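>>> fold the following for me, if possible:
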Amino acid sequence: MKASIKVWRYDPESEARGGLVLFDVPFHEGDTVLQALLNLYEHADPISFRYGCRFKKCGLCAMEINGRPRLACRTPLKDGMTLRPLRALPPIRDLVVDRDPAFATLLPFHPWIVPGDPPEYLARLSEPLEHQRLMACNECLGCLSTCPSYLYDDPSCGGPFHFVKLAQMHFHPLDRVDRPAQARSLSIERCGACLKCRCLLGIPIVKMAILPLLEGVRRP
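Numbering: from 1, shown residues only. Below is the predicted model:
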């Protein structure tokens, strides 16, 4: 049995801006989109795409499938699917996007624990539920494609990925940086009228990242 899928092809050295190409791939019950791409690469056409763990841990296989960002390793293959690169990031080749702009925006904000003065004694720490849930982020960057206002070439404009990373530190019991203030410098206040972002892994971005950071921004 075979399935027909359309795959976005893009060559930066070509004058063409890219386009969809139709492929027929072997199809067995339980196959994933990633398996179809691996089959194409090995037996038909050297399509460019990323993958790593094959089980939703690395986030590298995120792409747009039928117009929605999804992980290719966890998306069941179906006849008639259309595969495109994540729209929120600049394309490199075919389904591969440049992830560097997203990380470059975040780096100046020190997205790691910045502790205050060492305590005189070691207190017993507990991990907040919010921190535990937010740490499930696998940095696939798919959430950026669900944000209608994120611009990868504007370092003053953050997206849901950036706010998740800042919220991770915001809820860490040892971090002492004003993460809401950092979020404000990334224009989080525009999110209050939107709240459309979503996570491919089901992390409640709005509830556990956007709204708590906004509350910190608005607190006198």
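>>> how is this protein divided into domains?
Under the assignment automatic domain parsing, the domains of the chain span 2-97, 100-218.
>>> will you turn the ones you listed into JSON lines that also has mean neighbour count and mean pLDDT?
(Each C-beta comes from the backbone N, C-alpha and C, glycine too.) Below are those laid out as JSON lines (neighbours: other CB atoms under 10 Å; pLDDT from 0 to 100):
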{"stretch": "domain 2-97", "mean neighbour count": "16", "mean pLDDT": "95"}
{"stretch": "domain 100-218", "mean neighbour count": "17", "mean pLDDT": "92"}
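>>> now residue 201: closest residue in space, sequence neighbours ignored.
Of all residues not flanking residue 201 in the chain, residue 136 sits nearest, at 5.9 Å (CB to CB, 6 or more residues apart in numbering).
>>> does the one you found touch residue 205 like I think?
No: contact criterion CB atoms under 8 Å: residue 136 and residue 205 do not qualify, at 11.3 Å.
>>> quick one: contacts for the spatially most central residue of the chain?
Nearest to the geometric centre of the chain sits residue 141, at 1.4 Å (CA atoms, centre = their mean). Counting by CB atoms under 8 Å, 6 or more residues apart in numbering, residue 141 touches 59, 62, 86, 88-89, 97, 99, 102, 161.
>>> pick out whichever of those sits closest to residue 216.
Set against residue 216, the nearest of the contacts of residue 141 by CB to CB is residue 161 (18.5 Å).
>>> so which strand or helix has that closest one?
Assessed by DSSP states H and E, residue 161 sits inside helix 160-170.
>>> packing partners for that helix?
If you count contacts as 3 or more CB pairs under 8 Å, 6 or more residues apart in numbering; DSSP states H and E, helix 160-170 packs onto helix 100-106, helix 129-134, helix 179-185, helix 205, helix 211-218.
>>> sec struct for residue 92, please.
Under the three-state scheme (DSSP: H, G, I helix; E, B strand; the rest coil), residue 92 adopts strand.
>>> who's in contact with the closest residue to it other than its chain neighbours?
Distance criterion CB to CB, 6+ apart; nearest residue to residue 92, sequence neighbours excluded, is residue 98 at 5.3 Å. Residue 98 makes contacts with 89-92, as judged by CB under 8 Å, 6+ apart.
>>> residue 6 belongs to a strand?
Yes: when three-state DSSP is applied, residue 6 is found to be in a strand.
>>> what's opposite it in the beta bridge?
With DSSP bridges as the criterion, residue 6 is bridged to residue 22, residue 82.
>>> can I get stretch 52-59 in PDB, CA atoms only?
C-alpha atoms of stretch 52-59 as PDB (Å, rounded to 0.1, in the frame of the first residue of the first chain):
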ATOM      1  CA  GLY A  52      17.200  12.800  16.300                       C
ATOM      2  CA  CYS A  53      15.600  10.600  18.900                       C
ATOM      3  CA  ARG A  54      12.600   9.500  16.900                       C
ATOM      4  CA  PHE A  55      10.500   9.700  20.100                       C
ATOM      5  CA  LYS A  56       9.500  13.400  20.800                       C
ATOM      6  CA  LYS A  57      12.500  14.100  23.100                       C
ATOM      7  CA  CYS A  58      14.800  16.100  20.800                       C
ATOM      8  CA  GLY A  59      12.200  18.300  19.000                       C
END
